[in-house]
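Undergrad: pasted the sequence and its predicted model underneath.
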Amino acid sequence: MNTETRLSEAIETLRSEINTLDVDDNDSREKLESLLKDLEKRLNQPRDTDSDGDLTDQLKESMLHFETSHPALTGILNDIMIKLSSIGV
């Protein structure tokens, strides 16, 4: 299984986790949805590296934000960060 396939699976895991979260903060949910959209865009357009820095920053910010309140989500985000790193993002 290649890295892009594993990344795609991790994104689907993130989507599932977002759907199960009891996040009352609409701002947080919107940030996660935006991150998900950006991850999918990057996966579908691997040659478009212009926004890689922004994507990495979004991941880091989300990990810090949810570190204590949603550790499972943080683990998924960390896994995605590792997979992106392995493809040069």
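TA: Cool, the structure landed.
Undergrad: which residue, other than its chain neighbours, is closest to the residue nearest in space to the middle of the chain?
TA: Against the mean C-alpha coordinate of the chain, by CA atoms, centre = their mean, the closest residue is Leu77 at 5.0 Å. Closest residue in space to Leu77, ignoring its immediate chain neighbours: Met63 at 4.8 Å, by CB to CB, 6 or more residues apart in numbering. (Glycine included, C-beta is placed from N, CA and C.)
Undergrad: re the thing from before, state the pLDDT value of the residue nearest to the centre of the chain.
TA: Confidence at Leu77, expressed as pLDDT, is 94.
Undergrad: so who does Leu77 touch?
TA: 14, 59, 62-63, 66 (CB atoms under 8 Å, 6 or more residues apart in numbering).
Undergrad: who does the host helix or strand of the residue nearest to Leu77 touch, helix- and strand-wise?
TA: In this structure, Met63 is located in helix 52-66 according to DSSP states H and E. Under the contact criterion of 3 or more CB pairs under 8 Å, 6 or more residues apart in numbering; DSSP states H and E, helix 52-66 touches helix 26-44, helix 71-86.
Undergrad: need those helices in CSV with distance to Thr5, can you?
TA: Rendered in CSV, the data for these read as follows (distance: least, CB to CB, whole Å):
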stretch, distance to Thr5
helix 26-44, 10
helix 71-86, 10
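Undergrad: return the most buried member of the ones you listed.
TA: helix 71-86 (a mean of 17; mean count of other CB atoms under 10 Å).
Undergrad: next one: that helix to chain centre, how far?
TA: On the basis of CA atoms, centre = their mean, to the nearest Å, helix 71-86 sits 7 Å off its chain's mean C-alpha point.
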